[in-house]
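Colleague: Generate a structure from the sequence data that follows.
(one chain, ligands or ions: 2)
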Amino acid sequence: MVNPRPNILFVLADDLRASDLDHMPKARSLLVDQGVKFTKAWVTRSLCCPSRASILRGQYTHNHKVWVNVEPSGGFWNFFDRGLESSTVATWLNAAGYDTILMGKYLNRYGLDRNGNRAPSTHVPPGWDRWYAWEGLYGGTDTSYQINENGQIVIYQRSQIHDTDLHAQTAENFIRHTAGSAPFFMYLAPNAPHDPAYYAPRHASMFSGTALPKPSSFNEANVSDKPQWVQNKPRLSSSQVSNLTQFYRNRLRALQSLDEMVERLVNALSDTGKLSNTHIVLTSDNGIYLGEHRLQSKGAANNAAPRIPLVIRGPGVPRGATRSQMALNNDLAPTFASWAGVRPPNFVDGRSLKPLLNTSLPASWRTAFLVEHRRTPEEFAYVRAIPNYRAVRTTQYSYVEYETGEKELYDLEADPTELTSLHASASPALLSSLKARLDALKICARADTSTTSCKVAENGG
Ligand SMILES: [Ca+2]
Ligand SMILES: [Ca+2]
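Modeller: Ligands and ions are numbered 1, 2, ... in the order given. Predicted coordinates:
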């Protein structure tokens, strides 16, 4: 019998760039060609833990307030201590009868104590029936990694099994042998391709001659239009470019296990008769810079870090279609809720993407969203060097206001790689209209019809 409610297989990669899909041929044929690809998908804060909190709760960072990866202003303990675990997409779907399973990364510093020391945790958050979560920083060391398997700590040697392959094996076993009559929600969050981009030995010889992508913004020559924190960065040296190239190749190698995992799970779903009633989502918690604007890592508002890949296939979803409407990490939880027939709590800021997964599209959609950043003394140095900012990204512009009083403004139609900030020369009318949209977004809450709701602010009133 086919489940009346669909299974949900949610694959959440770590630091995957939208363009990385070009190097995942199996995901392209099994997901992109079979579903909808969002060409303008974004996270609302380009940093792991805040974005994962947004994914679990459907909220902007200024509403869930997990600002960084590290306590006290962020990290697992911030989420835990403020009771945010009591209402997540897992508790909503679990209460509706879903079999809920998490594999891989939960929140940064899960498995450490409040001081960052190793403290293997057997804590399983509410809402999860099955739990296979990474413990500790960056999910392990060069030789081993630890997984909390339903309350038991298990140590794996990398020489024994590559971590993405382990998740693929656990997920495949669940689909083939464990999944029962209840629909399942699988939150599958591998480490790949996060720095240091561990990969399986069988992929070691691939991509050895692949060149680092060099868009026009790569190692930007003239950053006099940009704020001081960018101007402070010298142009990338040849050894930095060579390190980035090596990192890029390792990332592509790491993606191959992810790509094979997609094929393995699609086959398992197909063999067990579940594929036609399963939504599969592939996305990331944030992107990453590989030298654009002289930048590396993440945290900034320019293109490559807040931009993510997003592909969805499933029952009723058109095949091989693209959508240019803005989709956000905030939208994932309410989307899963709508598939499960659950009304999400009122605190949710995002909206279900379901209306974009039809052949007939909604007449209106959001025309802007907010990107936020706040630095704290305990956050890692690269992100700490970026002054606090808030940014609004509209269908045409990206406008950033820093705590320093500095601004950035890009016309994304005329200058899609953000080479020349127009903040000093733009018309006062344009600046004030963007400022008004930013001011509405930065205090918005919920997705209802009140004047301060995020949905209203995103739609432009
Ligand atoms: Ca990340
Ligand atoms: Ca420039």
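Colleague: Tell me which stretches of the stretch 151-300 of the chain form strands.
Modeller: Read by DSSP state E, counting those that start in this stretch, the stretch 151-300 of the chain holds these strands, from start to end of the chain: 152-157, 184-189, 278-284, 289-290, 296-297.
Colleague: and ligand 1, which of those is closest to it?
Modeller: strand 278-284 (6.9 Å; C-beta to the ion). Every C-beta, even on glycine, is put in place using the N, C-alpha and C of the backbone.
Colleague: Cross-check the contact I'm expecting between Leu9 and Arg264.
Modeller: No - counting by C-beta atoms under 8 Å, Leu9 sits too far from Arg264 to count as a contact (11.6 Å).
Colleague: okay, the two: which has more neighbours?
Modeller: The neighbour comparison of Leu9 against Arg264 (other C-beta atoms under 10 Å) goes to Leu9, with 27 against 18.
Colleague: tell me which residues in the strand or helix carrying the more buried one are buried?
Modeller: Using DSSP states H and E, the element containing Leu9 is strand 7-13. Neighbour-count burial for strand 7-13 flags Asn7, Ile8, Leu9, Phe10, Val11, Leu12, Ala13 (criterion: 16 or more other C-beta atoms under 10 Å).
Colleague: now do stretch 423-430
Modeller: Buried, per 16+ other C-beta under 10 Å, within stretch 423-430: His423, Ala426.
Colleague: element containing the residue lying closest to Ser450 once chain neighbours are set aside?
Modeller: Leaving out its chain neighbours, the residue that sits closest to Ser450 by C-beta to C-beta, 6 or more residues apart in numbering is Val456, at 7.1 Å. Assessed by DSSP H and E, Val456 sits inside helix 454-459.
Colleague: since we're on the residue nearest to Ser450, how many residues are nearby?
Modeller: Counted by other C-beta under 10 Å, the residues lying close to Val456 total 18.
Colleague: Likewise for Gly291?
Modeller: Neighbour tally, Gly291, other C-beta under 10 Å: 23.
Colleague: Please name the residues that touch it.
Modeller: Counting by C-beta atoms under 8 Å, 6 or more residues apart in numbering, Gly291 touches Leu212, Lys214, Phe218, Asn219, Leu236, Gln240, Val241, Leu244.
Colleague: And the residues you listed, which of them are buried?
Modeller: Applying 16+ other C-beta under 10 Å to the contacts of Gly291 flags Phe218, Asn219, Leu236, Val241, Leu244 as buried.
Colleague: wait, doesn't the fourth one sit right on Asn219?
Modeller: So that's Val241. Yes - with contact defined as C-beta under 8 Å, Val241 reaches Asn219; the gap is 7.3 Å.
Colleague: hang on, the earlier thing: from the buried ones among the contacts of Gly291, pick the one nearest ligand 1.
Modeller: Nearest to ligand 1 out of those is Leu244 (C-beta to the ion; 17.3 Å).
Colleague: Enumerate the residues of this structure near ligand 1.
Modeller: Applying C-beta under 5 Å from the ion, we find that the chain lies next to ligand 1 at Asp14, Asp15, Cys48, Asp285, Asn286.
Colleague: dump the residue contacts of Val317.
Modeller: Val317 makes contact with Gly35, Val36, His279, Leu357, according to C-beta under 8 Å, 6+ apart.
Colleague: need those residues in CSV with secondary structure and distance to ligand 2, can you?
Modeller: Converted to CSV, those look like this (DSSP: H, G, I helix; E, B strand; the rest coil; distance: C-beta to the ion, whole Å):
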residue, secondary structure, distance to ligand 2
Gly35, coil, 37
Val36, strand, 34
His279, strand, 41
Leu357, helix, 38
